[in-house]
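>>> Sequence plus the predicted model coming up.
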Amino acid sequence: MDTTFFLVATIVVVALIFDFTNGFHDAANAIATSVATRALSPRIALVIAAIMNFLGALLGTEVAKTIGGGIVDISPDSGTRGLVIVFGSLLGAIAWNLITWWFGLPSSSSHALIGALAGSGIAASFTVHWPVILDKVVLPMIFSPLIGFVLAYVLMRILLKVLARAAYRKTMRRFRRAQMFSASAIALGHGLQDAQKTMGVMVLALTAGGYHTAADAHIPLWVQVSAAAAISAGTYTGGWRIMKTLGQKIIDLDPARGFVAESVGAGVLYTTAFWLHAPISTTHTITCAIMGVGATKRRSAVRWGIAGNIVTAWVSTLPAAAVIAGLATWILQAVFL
């Protein structure tokens, strides 16, 4: 069997495995708040999240193009060296996903993949586009969680004043119903953002192998559908460890706060995907939105110790995934080059 074809086929399969782990790792993003507030049962929430992840993945390809053409300089002339970079980056991202999942930390699969691509590129002495990483990754990584926190805090404050005299139980019942829509919205945004990153990696592999003309060309339909199906299947398996952290350990949520957190998170995801074309972290955004609505109770309502552990995982993700992917790339180079 031709080595190039073997590597491309293997990378496509591994990319879909990464997409699957992304789904079960990040399923909590869409369902934790609605399950914690008892707006939806875990199983129904997972079904809704899986369906909306699939649909969201088919809504656009701009984020995929950023991943497929903006992080590492891989062209049709890259050949086996380019394929080794993509393969090593996937192994690094999957490893970090599994490590953080094991410890129940809601880290970013997106940043794991991007850090891994950069680490693999460095290990293979390829050009890494640092300005793109700064503009499209690092700055959104800083600002999207902050925006999520502030917006959620402000909107929750406004909502509390508007509903100050409303009957509590009746109001919470209405927000439980509304959470079906807000949970669906953030699940759609998760598919829109995260599945596209896998599409971008698959396009990188196809480009290096000579099966795709250019990284910024139209993404094949089979790539879009397979990535959408993989993340949807992963979401349905659930991410119970991380869901517990997001839904219960950070703050005790009520339906109104759950609705606001989900709505703000979804809004940030759509804005960055359609306007900025930036691969932001669904995990960072929804977690900070949860902290924002929680801070409207009182500062002590948010368990800042747990939040600190989460932030540590966020900061560690890019370099840790880069190191693991770099080591994997060195090993793969010894095998295939």
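Looks like it came in fine.

>>> what stretches of the protein score poorly on pLDDT?
1, 26-30, 69, 104-106, 214-217, 238-252, 298-310 (pLDDT under 70).

>>> cutoff 50 now
Within the chain, the stretches with pLDDT under 50 are 215, 247.

>>> What is the burial count for residue 270?
Number of residues near residue 270 (other CB atoms under 10 Å) recorded here: 19. All C-beta atoms are positioned from the backbone trio N, CA, C, and that covers glycine.

>>> And it, how far from residue 15?
Per CB to CB, to the nearest Å, residue 270 is found 25 Å from residue 15.

>>> State the phi and psi torsions of residue 128.
When read as degrees, to the nearest 10, the backbone of residue 128 gives phi -110, psi 130.

>>> and the nearest residue to it once chain neighbours are set aside, how far is that from residue 200?
Leaving out its chain neighbours, the residue that sits closest to residue 128 by CB to CB, 6 or more residues apart in numbering is residue 121, at 4.3 Å. Going from residue 121 to residue 200 by CB to CB gives 14 Å.

>>> With residue 258 instead?
For residue 258, the distance to residue 200 - CB to CB - is 31 Å.

>>> Against residue 203, how distant is residue 211?
Distance from residue 211 to residue 203, counting by CB to CB: 10 Å.

>>> and these two? which has more neighbours close in?
Applying other CB under 10 Å to residue 211 and residue 203 shows that residue 203 carries more neighbours, namely 29 against 15.

>>> how about that one, secondary structure?
helix (DSSP: H, G, I helix; E, B strand; the rest coil).

>>> Identify the residues contacting it.
Contacts for residue 203 (CB atoms under 8 Å, 6 or more residues apart in numbering) come out as 64, 68, 212, 215, 219, 223.

>>> which of those tops the neighbour count?
Busiest of the contacts of residue 203 [other CB under 10 Å] is residue 68, holding 29 neighbours.

>>> so that residue is in which element?
helix 62-70 (DSSP states H and E).

>>> From residue 202, how far off is the residue lying closest to residue 155 once chain neighbours are set aside?
Among residues not flanking residue 155 along the chain, residue 260 sits closest, at 5.4 Å (CB to CB, 6+ apart). To residue 202, residue 260 is 36 Å away according to CB to CB.

>>> just residue 150 next, same as before
Separation of residue 150 from residue 202 (CB to CB) stands at 36 Å.

>>> now residue 66
For residue 66, the distance to residue 202 - CB to CB - is 14 Å.

>>> Give me the more crowded residue out of these two.
residue 202 (30 against 24).

>>> tell me the helices in the stretch 51-200 of the chain, going along the chain?
Assigned by DSSP state H, counting those that start in this stretch, the stretch 51-200 of the chain shows helices spanning 62-70, 79-102, 109-123, 130-133, 139-162, 168-190, 196-208.

>>> As CSV, the ones you listed with distance to residue 279 would be great.
Converted to CSV, the helices of the stretch 51-200 of the chain look like this (distance: least, CB to CB, whole Å):
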stretch, distance to residue 279
helix 62-70, 5
helix 79-102, 12
helix 109-123, 5
helix 130-133, 10
helix 139-162, 8
helix 168-190, 12
helix 196-208, 6
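
>>> Residue 45 is nearest to which of these?
Smallest distance to residue 45 across the helices of the stretch 51-200 of the chain (CB to CB): 6.4 Å, for helix 168-190.

>>> distance between the closest one and the chain's centre?
21 Å (CA atoms, centre = their mean, to the nearest Å).

>>> got the contact list for it?
For helix 168-190, contacts defined as CB under 8 Å, 6+ apart pick out 26, 29-31, 33-34, 37-40, 45, 48-49, 51-53, 55-56, 59, 163, 235, 254-256, 258-259, 262-263, 265-266, 269-270, 273, 282, 286.
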